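Visitor: let's see this in three dimensions:
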Amino acid sequence: MKCNMYLSFDGNCEEAMDYYKEVFNGETTVIMRYSEGPPEYSNDAIVNKIMHQTMVFGKDCELKASDSFHEPLQKGNNFHVSISTDIEKEAIDIFNGLSKDGIITMPFEEVFWGGKFGSCKDKFDIQWMVSLEPKSE
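Guide: This is a model prediction of the structure:
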């Protein structure tokens, strides 16, 4: 079983996924524009927008996304993308990358359950949680 996060954007999917690709040192494995799909899913306003994109990074991580094609999105607070690693430098770099030009909702620091944790909303209004797993003894 595998769990993937799928993000929707109001026309800036490509910009957002390029940003995440840089933050996570990822690789785009699939990119499909609306112009490549059935005509009923495309119009002049979105023909060059993203119908589907997949980015892979880390060990077995995937992030999938698209531009909404039929109605404006309601940006909400009903999800976070959770990233966990046991390498401190990696956790710090990811948190700093995601929080740049965004809002830190909890600073990345030691937490009562062990390890370190921080949360932020990035410049695209996506909420993230970054965890540094505690060292096992």
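
Visitor: and the pLDDT at the closest residue to residue 127 other than its chain neighbours?
Guide: Residue nearest to residue 127 in three dimensions, not counting chain neighbours: residue 80, with 4.4 Å by C-beta to C-beta, 6 or more residues apart in numbering. The C-beta positions use only the backbone N, C-alpha and C, and glycine is treated the same way. Predicted confidence (pLDDT) for residue 80: 86.

Visitor: residue 80: how many residues sit nearby?
Guide: Close neighbours of residue 80, defined as other C-beta atoms under 10 Å, add up to 16.

Visitor: look up how far residue 106 lies from it.
Guide: Here residue 80 is placed at a distance of 11 Å from residue 106 (C-beta to C-beta, to the nearest Å).

Visitor: what sits in contact with each of those two?
Guide: Here residue 80 and residue 106 share the contacting residues residue 119, scored by C-beta atoms under 8 Å, 6 or more residues apart in numbering.

Visitor: break down this structure into its helices, ranges please.
Guide: Applying DSSP state H to the chain gives helices spanning 13-24, 88-99.

Visitor: any residues touching the first one, and which ones?
Guide: So that's helix 13-24. By C-beta under 8 Å, 6+ apart, helix 13-24 touches 7, 9, 26-28, 49-50, 53, 55, 57-58, 61, 63, 65-67, 83, 93-94, 97-98, 122-124, 126.

Visitor: mind checking which of those are buried?
Guide: For those, a neighbour count by 16 or more other C-beta atoms under 10 Å gives the buried set as 7, 9, 26, 49-50, 53, 55, 57, 61, 63, 65-67, 83, 93-94, 97-98, 122, 124, 126.

Visitor: from those, which land in strands?
Guide: Of the buried ones among the contacts of helix 13-24, the ones assigned to strands by DSSP state E are 7, 9, 50, 53, 55, 57, 61, 63, 65, 66, 67, 83.
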